[in-house]
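> kindly generate the corresponding structure for this input.
(one chain, ligands or ions: 1)
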Amino acid sequence: MKIAIAGAGISGLSAAFYLKQQMPDCSLTIFDSGSRPGGTMHTVNVGGFLFEGGGNGFLTNKPDSMQLVRDSGAEHLLLPSSDLARKRYIYHKGMHRLPESPPLFLKSGLLTLRQKLRVAGEFFVPKKEGDTEETLQEFGYRRVGKGFTDVFLDAMVAGIYATTPDRVSVQAAFPMVVALEREYGGLFRGMLAKRKKGAGPGGVLTSFRGGVGSFISHLAACIDAEWRLGSPVTDIQQDGEGYLVSANGNAEYFDHVIVGAPAFAAAEMLFGMDPELGEQLAAIDYSPVAVIGFGYDSLDHPLDGFGLLTTSAAGLPILGVLWDSSIFADRAPDGAKSVRIMIGGQRNPELVALDDKQLLAYAREGLVKTMGVDADPDAVFIRRWERGIPSYAPGHLGRVADIFERLASHPGLHLCANAYGGIAMNDCVRNGRELASRIARTAS
Ligand SMILES: Cc1cc2nc3c(=O)[nH]c(=O)nc-3n(C[C@H](O)[C@H](O)[C@H](O)COP(=O)(O)OP(=O)(O)OC[C@H]3O[C@@H](n4cnc5c(N)ncnc54)[C@H](O)[C@@H]3O)c2cc1C
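Modelled structure (predicted):
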């Protein structure tokens, strides 16, 4: 059986790895438009500082990434985040430590007493009837009040989806939170019930020695496939029971095709074969993000924590700062420190298109205003993602359901990327593995 994978991010790579485990005899061809596998998971070494272009690891609260690490024999690369990184900050009219316990929440200056009482009142907010979709803002205002939503949820959603609470569907982006209300009647009730059942903590952020790129290189080396890097797939056409995949001016037949590229790229590949599917895919919205890395041979700031997220109300040009060298031990040379600044998102999408000089000026301004750091960096890294993170905008679940319904009329054609069933590395790995199992089942 001949299988093509168009897009070798972690979603496509996970599908490839598990396909080869379950169907060692299948012939696998992996296309990617880039010159390396990994997609947004990419580490760059700038003078001894390791900067991630995208995500820096995975949480151990779900088993999928860890399972892939074990299955591919990459345990020796694992690098858990430092205990120091448990401390997080929010910048909202000044720097505040993110309260991690009810007593710290009560003491926190992030909300007024009235706003804190409104949060406590969540316990008495009746459960929403029906399953109409809500934005995170609507959900938050209803359950925990405007104060908590505009500070905590606003900062959190900037950090995960680079978006704002009014532009994201709570059902699509945070299904577990919605389930707490549906199953237990409320968030506090749900959390208490889960704690009684012995549900564990949120997991530990874990990465890899040498950055996520070292795991990607390891994983790719484990996959016995014909690699076609620097080969963007331009078109996919039905051909009998299979598909003709075009890249670099050649069209090749495959029995199954897995499109692991982002939805907007999948749209371009599929538009010629199925314009309706192409349009549905093109309608998936992405948040633009720029990642700026600064390395300092020496820096006065202690960087004692994970970093900070800003609120929209703070009116700053940055979404947040990750204190990279404090999170993972090997991200900076001994005695040196490094940070990564996130800019843009749905708050300020226009900033991502700025030239390097302007972007760096905004990053520096963000550091001065939040951390009081105005030192000249010794290493600089810049990575722009014009369409970086699927934003799971209102209507997302309906769009995805329509896409997969349409896809069902093309047996052997599959979509596997972070645009459909979760953006975290754990989600991408799980979706890739489950798809591989489905294909293996149909083949046997
Ligand atoms: C700035 C940033 C920070 C993030 N932080 C985190 C984090 O901390 N934790 C976390 O879990 N997740 C994070 N994410 C999200 C996470 O990185 C992604 O969800 C995940 O890596 C996406 O993997 P993917 O394989 O679905 O897509 P991608 O990584 O986008 O891979 C898609 C691949 O398709 C290829 N492609 C595109 N067009 C074509 C074509 N025409 N033909 C062939 N190939 C093509 C691309 O070159 C790419 O290699 C972050 C993302 C970004 C952008």
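
> how about the residues of the protein near the ligand?
6-12, 31-34, 39-41, 54-56, 58, 232-233, 260-262, 265, 269, 289, 291, 385, 388-389, 417-418, 423-425, 428 (C-beta under 6 Å from any ligand atom). From N, CA and C alone the C-beta is placed, and that goes for glycine too.

> so how do I select the buried members of these in PyMOL?
A single PyMOL command is used to select the members of the residues of the chain next to the ligand judged buried by 16 or more other C-beta atoms under 10 Å:
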select buried, resi 6+7+8+9+10+11+12+31+32+33+39+40+41+54+55+56+58+232+233+260+261+262+265+269+289+291+385+388+389+417+418+423+424+425+428
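
> what about the residues of the chain next to the ligand, which are in strands?
6, 31-32, 58, 233, 289, 291, 385, 388-389 (DSSP state E).

> please tell me how far the residue lying closest to Lys87 once chain neighbours are set aside sits from Thr43.
Residue nearest to Lys87 in three dimensions, not counting chain neighbours: Gly305, with 3.5 Å by C-beta to C-beta, 6 or more residues apart in numbering. Distance of Gly305 to Thr43, computed by C-beta to C-beta, to the nearest Å: 22 Å.

> which of these two has more neighbours?
Each of Gly305 and Thr43 has its neighbours counted (other C-beta atoms under 10 Å); Thr43 has more, 22 against 18.

> the residue nearest to Lys87 falls within a helix, correct?
No: with DSSP: H, G, I helix; E, B strand; the rest coil as the criterion, Gly305 is coil rather than part of a helix.

> which residues are in contact with it?
84-89, 323, 326 (C-beta atoms under 8 Å, 6 or more residues apart in numbering).

> and these, which are buried?
85, 88-89, 323, 326.

> closest to the ligand out of those?
Ala85 (12.4 Å; C-beta to the nearest ligand atom).

> am I right that that closest one sits in a helix?
Yes: assessed with three-state DSSP, Ala85 lies in a helix.

> in this structure it contacts Leu205, no?
Yes: with contact defined as C-beta atoms under 8 Å, Ala85 and Leu205 form a contacting pair (6.9 Å).

> shared neighbours, those two?
Joint contacts of Ala85 and Leu205 (C-beta under 8 Å, 6+ apart) are Ile327.

> which residue packs closest to Tyr362, ignoring adjacent ones?
That would be Pro317: by C-beta to C-beta, 6+ apart, it lies 4.1 Å from Tyr362.

> quick one, what contacts that neighbour?
Taking C-beta under 8 Å, 6+ apart as the test, what Pro317 contacts is 343, 348, 351, 362, 365-366.

> just the buried ones out of these, please.
343, 348, 351, 362, 366.

> helix, strand or coil for the first one?
Taking three-state DSSP as the rule, one finds Ile343 in the strand state.

> now, the contacts of Pro317 that are in strands?
Those of the contacts of Pro317 mapping onto strands are Ile343, per DSSP E.

> and the furthest pair within the contacts of Pro317?
In terms of C-beta to C-beta, these reach their longest pairwise distance at Asn348 and Glu365, which sit 12.4 Å apart.

> any idea how far Ala251 is from Thr234?
Per C-beta to C-beta, Ala251 is found 10 Å from Thr234.

> so what touches the worst-scoring helix or strand of the chain on mean pLDDT?
The helix or strand of the chain with the poorest confidence is helix 187-196; it has a mean of 87 (mean pLDDT, DSSP states H and E). By C-beta under 8 Å, 6+ apart, the list of residues contacting helix 187-196 from outside reads 122-123, 143-144, 177, 179-181, 183-184.

> what packs against the longest helix along the chain?
In the chain, taking DSSP state H as the definition, the longest helix is helix 425-443. Under the contact criterion of 3 or more C-beta pairs under 8 Å, 6 or more residues apart in numbering; DSSP states H and E, helix 425-443 touches helix 10-22, strand 58-59, helix 64-71, strand 256-259.

> switch the cut-off to 10 Å
When contacts are defined as 3 or more C-beta pairs under 10 Å, 6 or more residues apart in numbering; DSSP states H and E, helix 425-443 sits against strand 2-6, helix 10-22, strand 58-59, helix 64-71, strand 256-259, strand 413-415.

> may I see these arranged in CSV, with mean pLDDT as well?
Output for the helices and strands packed on helix 425-443, formatted as CSV (pLDDT from 0 to 100):
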stretch, mean pLDDT
strand 2-6, 98
helix 10-22, 98
strand 58-59, 95
helix 64-71, 98
strand 256-259, 98
strand 413-415, 98
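
> got these as CSV, with distance to Pro103 columns?
CSV is the format used below for the helices and strands packed on helix 425-443 (distance: least, C-beta to C-beta, whole Å):
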stretch, distance to Pro103
strand 2-6, 50
helix 10-22, 39
strand 58-59, 25
helix 64-71, 32
strand 256-259, 49
strand 413-415, 46
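
> surely Pro126 is within a helix?
No: judged by three-state DSSP, Pro126 forms no part of a helix; its state is coil.

> count of neighbours near the closest residue to it other than its chain neighbours?
Nearest non-adjacent residue to Pro126, counting by C-beta to C-beta, 6+ apart: Gly185, 7.9 Å away. Neighbourhood size, Gly185 [other C-beta under 10 Å]: 16.

> likewise for Asp300?
9.

> name the nearest residue to it, sequence neighbours excluded.
Ala375 (7.5 Å).

> in the stretch 201-350 of the chain, which spans are strands?
205-208, 226-229, 233-239, 242-247, 250-254, 256-259, 286-296, 307-310, 318-322, 337-344 (DSSP state E, counting those that start in this stretch).

> Val380: which of the ones you listed is closest?
strand 286-296 (6.2 Å).

> now do the closest one, average pLDDT.
The average pLDDT for strand 286-296 rounds to 98.

> what strands line up against it, and which way round?
Strand 286-296 pairs in its sheet with strand 337-344 (antiparallel), strand 379-390 (antiparallel), by DSSP bridges.

> most tightly surrounded among those strands?
Counting by mean count of other C-beta atoms under 10 Å, strand 337-344 has the highest mean neighbour count of the strands paired with strand 286-296, with a mean of 26.

> now that strand against strand 318-322, angle please.
Interaxial angle, strand 337-344 versus strand 318-322 (axes from the mean of the first three to the mean of the last three C-alpha atoms, to 10 degrees): 160 degrees.
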